[in-house]
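[1] structure, please.
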Amino acid sequence: MAKRKLLILGILSPVLAAVFYIVVYDVLSGLSSNLEKDWLFRLTASAVSMTIPFFIVLAIAIRAGKRGSLPLSAKIGIAIAVLSLGLTLLPMRDGFARAKQIRNRQLHDVAAPDFATTDLRGNPIRLSQYKGKVVLINIWATWCEPCRNEMPKLDQFYRQKQPEGFVVLGMSDEGIETQMKFLSDVSVTYPLLLVNDQIPRLYREIAQYPALFLIDREGRLQPAPAPRQPFEQTASAVNALLAQRP
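    Model (predicted):
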């Protein structure tokens, strides 16, 4: 009986690992008082929970092995359970990407990497052409619900502050047709840019959407609000930069 369990649990271990991750992450997120500060703990605990199915299979295998040699089917189950440990690499990769994004978002008084691309209408855009203005680069995606909710607020704020030297540049790595279809539902007046090979990695290494980069009038990166923070934080950070004169 135990040997049959090994095959069944081994086959199910990848699914169970994913279920453990989702459940633990959701529970910890629900209990969290600050999602931005404890994200590493939640991610680590969820990744560790993914190993539980493997250790269950391992415990059964050790007990069954003491009673005699294991059949091929049991060994296959154990092998699948071992391979399921590889799934923990996914949250680990996401963790590294998110840590890198946080580091980039918090850069202070560092020259913003220049880039050249086009907007959805084919107009050439270069970041350096906006020197002397406060620039907000909004990295977004059509599937991102927080992006959908934020973009109308950002567009209204852009139109209000544009006379003071405020520029918003939206950037998505999705195709023109996908973005244009999205704009039929959520229309904005600020330029939406296409991602090409000339876009520096700083603006492409994104784990959480929407992502913001703030650039002052001197063309230097300044700390930006974290993703999914209240829009008032973004407005406050922009107003502070607009108040600074070269």
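[2] so where's this structure shaky on pLDDT?
    Along the chain, segments meeting pLDDT under 70 span 1-3, 246.
[3] run the last query once more with 80
    1-7, 34-37, 64-72, 74, 228, 245-246 (pLDDT under 80).
[4] could I get the full set of helices for it?
    All helices of the chain, identified by DSSP state H, fall at 2-31, 39-49, 52-66, 72-84, 89-105, 145-161, 176-183, 231-243.
[5] turn those helices into TSV, columns for mean neighbour count and distance to residue 203.
    C-betas here are computed from N, CA, C, even on glycine. Formatted as TSV, the helices of the chain follow (neighbours: other C-beta atoms under 10 Å; distance: least, C-beta to C-beta, whole Å):
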stretch	mean neighbour count	distance to residue 203
helix 2-31	16	27
helix 39-49	17	21
helix 52-66	16	38
helix 72-84	18	35
helix 89-105	15	9
helix 145-161	17	15
helix 176-183	14	16
helix 231-243	15	17
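[6] and those as JSON lines, adding distance to residue 215?
    Below are these laid out as JSON lines (distance: least, C-beta to C-beta, whole Å):
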{"stretch": "helix 2-31", "distance to residue 215": "32"}
{"stretch": "helix 39-49", "distance to residue 215": "25"}
{"stretch": "helix 52-66", "distance to residue 215": "45"}
{"stretch": "helix 72-84", "distance to residue 215": "44"}
{"stretch": "helix 89-105", "distance to residue 215": "12"}
{"stretch": "helix 145-161", "distance to residue 215": "14"}
{"stretch": "helix 176-183", "distance to residue 215": "22"}
{"stretch": "helix 231-243", "distance to residue 215": "8"}
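[7] what sits against residue 173?
    141, 195, 204 (C-beta atoms under 8 Å, 6 or more residues apart in numbering).
[8] pull out the buried residues from those residues.
    The neighbour count (16 or more other C-beta atoms under 10 Å) marks residue 141 as buried among the contacts of residue 173.
[9] follow-up on the earlier one: let me know which of the helices of the chain is the nearest to residue 213.
    Residue 213 sits nearest to helix 89-105 of all the helices of the chain, at 7.1 Å, using C-beta to C-beta.
[10] now that closest one and helix 2-31, what's the angle there?
    20 degrees (axes from the mean of the first three to the mean of the last three C-alpha atoms, to 10 degrees).
[11] so which of the contacts of residue 173 comes closest to residue 174?
    residue 141 (6.5 Å).
[12] which non-adjacent residue is nearest that closest one?
    Once flanking residues are discounted, residue 141 sits nearest to residue 209: 5.2 Å by C-beta to C-beta, 6 or more residues apart in numbering.
[13] export the contacts of residue 173 to CSV and tack on distance to residue 177?
    Shown next, in CSV, are the contacts of residue 173 (distance: C-beta to C-beta, whole Å):
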residue, distance to residue 177
141, 15
195, 15
204, 21
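[14] okay, now the domains of this protein?
    2-99, 106-243 (automatic domain parsing).
[15] chain center to the first one, what's the gap?
    When C-alpha coordinates are averaged (C-alpha atoms, centre = their mean, to the nearest Å), domain 2-99 and its chain have centres 23 Å apart.
[16] check the longest one too.
    Counting by C-alpha atoms, centre = their mean, domain 106-243 is centred 16 Å from the centre of its parent chain.
[17] that one: end-to-end distance?
    20 Å (C-alpha to C-alpha, to the nearest Å).
[18] neighbours of residue 207, just the number please.
    16 (other C-beta atoms under 10 Å).
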